[in-house]
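**Q** dropping a prediction and its sequence here:
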Amino acid sequence: MSNTIESHLIETRVFKPSDGFAQRALIPSLDQYRELYQQSIQDPDGFWSKQATELLLWRKKWDTVLKWEAPFAQWFVGGKLNVSENCLDRHLNGPRRNKAAIIWEGEPGEVRTLTYQQLHREVCKFANVLKRNRVQKGDRIIIYMPMCPEAAIAMLACARIGAVHSVVFGGFSSEAIKDRLNDSQAKLVITADGGYRRGAIVPLKKNVDEALKDNTLVERVIVFRRANNEIAITEGRDVWWHREMEYVDPQCEPEALDSEDPLYILYTSGSTGKPKGILHTTGGYLLGVTITSKYIFDLHEDDLYWCSADIGWVTGHSYVVYGPLSNGATTFMYEGAPNWPELDRFWKLIEKYAITVFYTAPTAIRAFIRWGDSYPKGHDLSSLRLLGTVGEPINPEAWIWYHTVIGGGRCPIVDTWWQTETGGIMITPLPGAIPTKPGSATLPFFGVDAAVVDETGKEVPPNVGGKLIIRRPWPSMLRTIWGDEARYEKQYWSDFPGYYFTGDGARRDEDGYFWIVGRIDDVLNVAGHRLGTSEIESALVSHPSVAEAAVVGRPDELKGQAVVAFVTLKQGTTALPELRDQLRQHVATMIGAIARPDDVRFAEALPKTRSGKIMRRLLKEIAAGGKVTGDTTTLEDLNVLAALRGSDE
Ligand code: WTA
């Protein structure tokens, strides 16, 4: 085996990049990583200016690299460019013209390949469809699509004309679409009749219809025909994608956009209130995802790269669509579930297409482990050369399994830490340069000044836990929360003034490696998806029987965290067993199936402080089945706790 395991103690296992991997890698040594990292920190303007020149195509060069009026950043001020031109047009003048940009397989098994030239044509045509339907620069567009090439085409077409897309995950409910429509004030929706998931058809168009019931802003719904399920058409509002494409011509000049023009809004959960519309803009975001894709996935011309995330999440934006295409890579897309029709679907795909780079989530890896080694072992996975994970901390044993069973002991693993807000990967190994330790995201990427601090903002010594912050702006950072600058400032920049607070806890070890612990605010991480406890609580309280609700996470072997809801009922309501299922279903309807509580517990009262704040900390301990060990002196009524524990038995 080419990798050296230096020790068998969990915390000290170190995997060096093999010589063979390093020799071919774009960044082939730790020294080279350190040199570039030093440059990026000592002279950020010089570093980013050089990268922006080398990696992107600009219509007009910028005047200023960074304008930083904390907490508001502008990158490449005065520069003009177009994201879709960078992802498509610039690859058409050489050998990439006929290279596959997207290879796609649908859940039922159809295969489609779009070369750069073909994808360019589709995007230009669809951009003209948008124009034809009166979309203008700056307009917000909701995209609610299955994982199919048209989802990427829709995103790139928006980018081409300067419309701002907001992709809503296809697993979200009509209520979630409604919230996002209202907040973004979108005027057009792009959807499909349905999408396939585990052999069933997800009724996407029907969900859109429901979300649009009282909406007065949306003038058009463009419907892509995917599943051929029956749908209702509202005359004058709904049009078919394929019909519209017949009316337009295939030329569409990319709009020269300002570097700070918005590219997209993506909604994500916060600790309070409704989801936040994270705003990403053009130049800095594109540079961030281009450079990270290139060096972290070590993209070579002949790679077939597969990121299994849905385009409804930021990972799908940055590492299915924009990052790989900007690099001229081939990105593989799969529509459906990993366990359909059999538990080996992913391994079948890797074998069939000879995928070389595979990027997935720890929750998926834990499911694969549970399903058993025979599924991957039944397939030839020797095409793989690099593996990645994202979304939550990966437990060392899952890491070792991924390395051994999927990677055959030869593939480096990049455990990438980042967030919707950061736009691109922030802390990560570079696969040919940085030795990895199972469970650690290792070292910061270029330009990332990350630190672990105590409550006062002071950096803590090695191996002491603290809060993860970023001490300087970076190109792909969020610019604001759509329509709510005050919340942006308060949420990210008020805990440690001038510094970005991630909401995560972490420690650094003696080698400076980061070990991310996870969220320390009221955000749950369920199967790699962010859910705010308050969103689920609001959904529960909107049910006529519920008086009050508190939602906490419970450690879960498979999903990372499971959702546990403590609920008090309105006077006169009886806690019937069927109410439990009704409430679980109610949350699924209001938010989406991923938010459905795993457990609903009825309580007489919730534990509160004297100021009325629910003490989630105590509920967490109860939910985890353990004893309440935390401080209860601020608890208003100790009897409440006893009663809750009683209901637990
Ligand atoms: C968690 C996903 C540990 C973290 C790209 C973060 C991780 C949140 C890792 C963001 C990782 C993501 N190790 N934890 N490699 N990657 N996280 O916005 O808590 O959906 O704050 O972005 O996921 O989730 P989001």
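**A** Structure received.

**Q** what's the neighbour count on residue 23?
**A** 10 (other CB atoms under 10 Å). C-beta coordinates here come from the backbone N, C-alpha and C atoms, glycine included.

**Q** after the helix or strand where residue 263 lies comes which helix or strand?
**A** Element membership for residue 263 (DSSP states H and E) is strand 262-268. Sequence-wise, the next helix or strand downstream of strand 262-268 (DSSP H and E) is strand 276-281.

**Q** and the ligand, is that next one touching that?
**A** No - for strand 276-281, no contact with the ligand is found by CB under 6 Å from any ligand atom; the gap never falls below 8.2 Å.

**Q** please save the CA atoms from that strand in PDB.
**A** What follows is strand 276-281, C-alpha atoms only, in PDB (Å, rounded to 0.1, in the frame of the first residue of the first chain):
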ATOM      1  CA  LYS A 276     -32.000  33.400   5.500                       C
ATOM      2  CA  GLY A 277     -31.500  34.400   1.900                       C
ATOM      3  CA  ILE A 278     -27.700  34.100   1.500                       C
ATOM      4  CA  LEU A 279     -26.600  36.400  -1.300                       C
ATOM      5  CA  HIS A 280     -23.700  35.600  -3.500                       C
ATOM      6  CA  THR A 281     -22.400  37.900  -6.200                       C
END
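
**Q** which strands or helices does it pack on?
**A** Applying 3 or more CB pairs under 8 Å, 6 or more residues apart in numbering; DSSP states H and E, one finds that strand 276-281 contacts helix 174-184, strand 262-268, strand 480-481.

**Q** that one relative to helix 174-184, how many degrees between them?
**A** Taking axes from the mean of the first three to the mean of the last three CA atoms, to 10 degrees, one finds strand 276-281 and helix 174-184 inclined to each other by 50 degrees.

**Q** distance from strand 276-281 to the middle of the chain?
**A** When C-alpha coordinates are averaged (CA atoms, centre = their mean, to the nearest Å), strand 276-281 and its chain have centres 13 Å apart.

**Q** what is the mean pLDDT for that strand?
**A** Average pLDDT, strand 276-281: 97.

**Q** do the same with stretch 489-498
**A** Stretch 489-498 shows a mean pLDDT of 95.

**Q** anything in that stretch near the ligand?
**A** No - if you take CB under 6 Å from any ligand atom as the test, stretch 489-498 misses the ligand, and the best it gets is 11.7 Å.

**Q** kindly check the end-to-end length of that stretch for me.
**A** End-to-end distance of stretch 489-498 (CA to CA, to the nearest Å): 10 Å.

**Q** returning to what we had before: and the helices and strands packed on strand 276-281: which comes nearest the ligand?
**A** The ligand sits nearest to strand 262-268 of all the helices and strands packed on strand 276-281, at 5.2 Å, using CB to the nearest ligand atom.

**Q** helices or strands up against that closest one?
**A** helix 149-161, strand 164-167, helix 174-184, strand 276-281.

**Q** can you tell me which of the ones you listed comes nearest to residue 547?
**A** Set against residue 547 and scored by CB to CB, the helices and strands packed on strand 262-268 come closest in helix 174-184, at 20.9 Å.

**Q** which helices and strands does that closest one pack with?
**A** Right, helix 174-184 is packed against strand 140-144, strand 164-167, helix 204-211, strand 262-268, strand 276-281, helix 577-590 by 3+ CB pairs under 8 Å, 6+ apart.

**Q** and the contacts of the helix or strand that it is followed by?
**A** Going down the chain from helix 174-184, the next helix or strand is strand 188-192, by DSSP H and E. For strand 188-192, contacts defined as CB atoms under 8 Å, 6 or more residues apart in numbering pick out 130, 133, 135, 139, 141-146, 148, 150, 154, 181, 204-205, 208, 212, 218-227, 241.

**Q** go with 6 Å
**A** 135, 141-146, 154, 204-205, 208, 218, 220-224, 226 (CB atoms under 6 Å, 6 or more residues apart in numbering).

**Q** tell me what angle that strand forms with strand 140-144.
**A** Using the same axes, to 10 degrees: strand 188-192 against strand 140-144 is 10 degrees.

**Q** who touches the helix or strand that strand 188-192 is followed by?
**A** Following strand 188-192 in sequence order, the next helix or strand is strand 195-197 (DSSP H and E). Contacting residues not belonging to strand 195-197 are listed as 107, 146, 170, 202, 204, 226, 335, 336, 337 [CB under 6 Å, 6+ apart].

**Q** export the helices and strands packed on strand 262-268 as TSV, with columns for mean neighbour count.
**A** As requested, those are arranged in TSV below (neighbours: other CB atoms under 10 Å):
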stretch	mean neighbour count
helix 149-161	27
strand 164-167	24
helix 174-184	21
strand 276-281	25
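
**Q** I'd like to know which of the ones you listed is closest to residue 375.
**A** Closest of the helices and strands packed on strand 262-268 to residue 375 is helix 149-161, at 27.2 Å (criterion: CB to CB).

**Q** what is that closest one packed up against?
**A** Counting contacts by 3 or more CB pairs under 6 Å, 6 or more residues apart in numbering; DSSP states H and E, helix 149-161 is packed against helix 83-87, helix 116-132.

**Q** ok, which of the helices and strands packed on strand 262-268 comes nearest residue 270?
**A** So among the helices and strands packed on strand 262-268, strand 276-281 is nearest, using CB to CB, at 4.9 Å.

**Q** what pairs with the closest one, parallel or antiparallel?
**A** strand 262-268 (antiparallel), strand 480-481 (antiparallel) (DSSP bridges).

**Q** so the shortest one, near the ligand or not?
**A** Meaning strand 480-481. No - Strand 480-481 does not reach the ligand (CB under 6 Å from any ligand atom); its nearest approach is 13.3 Å.

**Q** may I see the buried residues of the following helix or strand past that strand?
**A** Downstream of strand 480-481, the next assigned helix or strand under DSSP H and E is helix 485-493. Residues 487, 488, 489, 491, 492, 493 are the ones in helix 485-493 that count as buried (16 or more other CB atoms under 10 Å).

**Q** and the last one, what is it in contact with?
**A** When contacts are counted by CB under 6 Å, 6+ apart, residue 493 touches residue 71.

**Q** the stretch 1-150 of the chain: helices as residue ranges?
**A** 19-24, 30-42, 44-55, 83-87, 116-132, 149-161 (DSSP state H, counting those that start in this stretch).
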